[in-house]
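Q: coordinates only, sequence not included:
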């Protein structure tokens, strides 16, 4: 048995470093090939920051593509320490990395046509393309971009030539070999997983292509930050948005249009906007929204929200558009429902995105900021906040830097800063902002493991699960927030919106149905507009928040969103739509009926107002003109959603 002069670990690091250098050279080639797309706003400092951010995504791609190579290097088997074994490993290393570097370079050319890095949707898009056509296309591009082909050959040759295998010299004992190799492997495994995920904590979701928005000034620049292997890996198994041909374009837009054009007499009112997104805030928790539960004796867990509802506008039937936090934020702030996959996880997350913040910041001079008390970058919120138009982001990092608060002493130990302290911080920061402003905060404390600060143990009503006491805690935190906010000079000129990101698992049967599991509160409160009050009998969903807010402000520019103005749209025209979690079933609620649609036909229908448990399928007995009308409108919504996702059509273009 032989001792390794250049240990397996050092040789492995050297070989991976070569791949990092090659990825950076590909990024430089990408920038030079597409420089005209970036020249008007790219300076040296910004370019270097994009290259630095790119290392995060390079790390994920390199570790995915080299996982087998790393394992072969560190596998604790003494018989593998031979020249012939490492020649095989060299072949794997050069072939795999050479292939993915070539894919990176191909995207240098394709990017100018697609406007984004290649994802699995491209392969699906061309899945039915004739082989002859693709061969002709590649042959033409091969000849016209010979210099990229030459660069690919040089990178391939460099990996082959500079590859380093462990060098052997005379022996030492096998037990030492196995101890060292096994220790190296056990250390490498978690760090490889962390690198693939893009983070080391449980609070950090695996990074996706949408996380690139966190580092760029405009969505197009994400092409510099990303690399193509990462984009392909992160969209494996993700279904591309397939545009159905249900209706002609003219017929579809006649039934429904996401283009909102204001009337000629609209006059803009520059009110501040504050959107509070409450983690796991189910409608079931609010006593005043459930007068029929427990024979009218149900009190719920939110006494403050109950009191605020007496001064707010809300609606009888209010729904979320998804069941995950990453679905709630696009729905609430950008009027983007979740169809097929959460928007964050799709290639369309790199589209230009409209939103409340973007519209008011870009066209009305508002200042905008998003707040979330978790680690910066958590859940992809920071990236999406930036892409939808928020100028600044305040997270755990910024909270810890504020001397007025106690930093990580206020950390809940798992996810984020406790809601009470973070909402106080949120209020203080808004008082520092120049008006008008638009802000949003995403709370965190009503989340597993469902803890409350020690000083509040036993202070809030217990429920069937530990979540209820957390809801009581955040309700109290909001009471304290509004007490402080009411003393601020900006309070009277502010429109507050409170809703949930999604529901939690319900307790009562009404909240365990396919529709009940989407029931969330949605309320609008404006201290300076006492007329904005009451309970209207309407169907309202999260994607209605953006157009309703802009309608209250008298926004006078056209924009794109998939929701409706909840105040100005007649009750007979209001609807709600969502995609059942883990299925391809769409739910469409309008008037007295709920229909479920599998993409081809209506499968079930219910009179949801009287049949709250959805026990009786009335598909065959309901008026067929109503069924057909609802089905056609839903088809129009799905078709235009898919079309706009695929064509970067989420922002109004004049």
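A: Everything's here; your move. Everything numeric in this text was worked out from a predicted model, so none of it was measured. Residues are numbered from 1 along each chain as shown.

Q: just for the protein, where's the confidence low?
A: Residue ranges of the chain with pLDDT under 70: 1-7, 113-115, 121-142, 168-173, 201-204, 238-240, 581-583.

Q: please tell me how far the residue nearest the centre of it sits from residue 111.
A: By CA atoms, centre = their mean, the chain has its centre lying nearest to residue 344, at 3.0 Å. Using CB to CB, to the nearest Å, residue 344 is found at 22 Å from residue 111. C-betas here are computed from N, CA, C, even on glycine.

Q: same check, this time on residue 424
A: From residue 424 to residue 111 the distance is 45 Å (CB to CB).

Q: again, but for residue 625
A: Taking CB to CB, one finds residue 625 at 48 Å from residue 111.

Q: neighbour count winner among those two?
A: Taking neighbours as other CB atoms under 10 Å, residue 625 and residue 111 compare with residue 111 leading, 20 against 8.

Q: ok, now which ones touch that one?
A: Shown in contact with residue 111 (CB atoms under 8 Å, 6 or more residues apart in numbering): 30, 33, 34, 117, 118, 223.

Q: out of the residues you listed, flag the one nearest to residue 165.
A: Distance to residue 165 across the contacts of residue 111 (CB to CB) is lowest for residue 30, with 31.1 Å.

Q: residues contacting that closest one?
A: Taking CB under 8 Å, 6+ apart, one finds 104, 107, 108, 111, 223, 224 in contact with residue 30.

Q: now the residue nearest to residue 376 when sequence neighbours are not counted. Its backbone dihedrals?
A: Among residues not flanking residue 376 along the chain, residue 395 sits closest, at 4.0 Å (CB to CB, 6 or more residues apart in numbering). Main-chain dihedrals, residue 395, degrees, to the nearest 10: phi -120, psi -160.

Q: from what I can see residue 395 touches residue 382, true?
A: Yes - if you go by CB atoms under 8 Å, residue 395 and residue 382 touch, sitting 6.8 Å apart.

Q: between those two, which contacts overlap?
A: By CB under 8 Å, 6+ apart, the residues touching both residue 395 and residue 382 are 372, 376.

Q: tell me which stretches of the stretch 451-600 of the chain form helices.
A: Here the stretch 451-600 of the chain has its helices, by DSSP state H, counting those that start in this stretch, at 467-485, 545-553.

Q: deepest of these, which one?
A: helix 545-553 (a mean of 24; mean count of other CB atoms under 10 Å).

Q: off-centre distance for that helix?
A: 22 Å (CA atoms, centre = their mean, to the nearest Å).

Q: other SSEs contacting it?
A: On a contact count with 3 or more CB pairs under 8 Å, 6 or more residues apart in numbering; DSSP states H and E, helix 545-553 meets strand 272-278, helix 325-334, helix 356-364, strand 494-500, strand 522-525.

Q: excluding chain neighbours, what is closest to the residue nearest to the centre of the chain?
A: In space, residue 344 comes closest to residue 326 once its chain neighbours are excluded; the distance is 4.4 Å by CB to CB, 6+ apart.

Q: show me the contacts for that neighbour.
A: Contacts of residue 326 (CB under 8 Å, 6+ apart): 205, 342, 343, 344, 345, 379, 380.

Q: so which of the contacts of residue 111 are in helices?
A: 30, 33, 223 (DSSP state H).

Q: tell me how far the second one lies from residue 446.
A: Computed as CB to CB, the residue 33 to residue 446 distance reads 48 Å.

Q: so which of these two has more stuff around it?
A: residue 446 (26 against 18).

Q: wait, that one sits on residue 285?
A: No - taking contacts as CB under 8 Å, residue 446 lies outside contact range of residue 285: 9.2 Å.

Q: name the element the nearest residue to residue 588 once chain neighbours are set aside belongs to?
A: Spatial nearest neighbour of residue 588, excluding adjacent residues (CB to CB, 6+ apart): residue 634 at 4.3 Å. Following DSSP states H and E, one finds residue 634 within helix 624-646.

Q: show me what that helix is packed against.
A: For helix 624-646, the packing partners by 3+ CB pairs under 8 Å, 6+ apart are helix 249-255, strand 575-579, strand 586-590, strand 593-597, strand 602-606.
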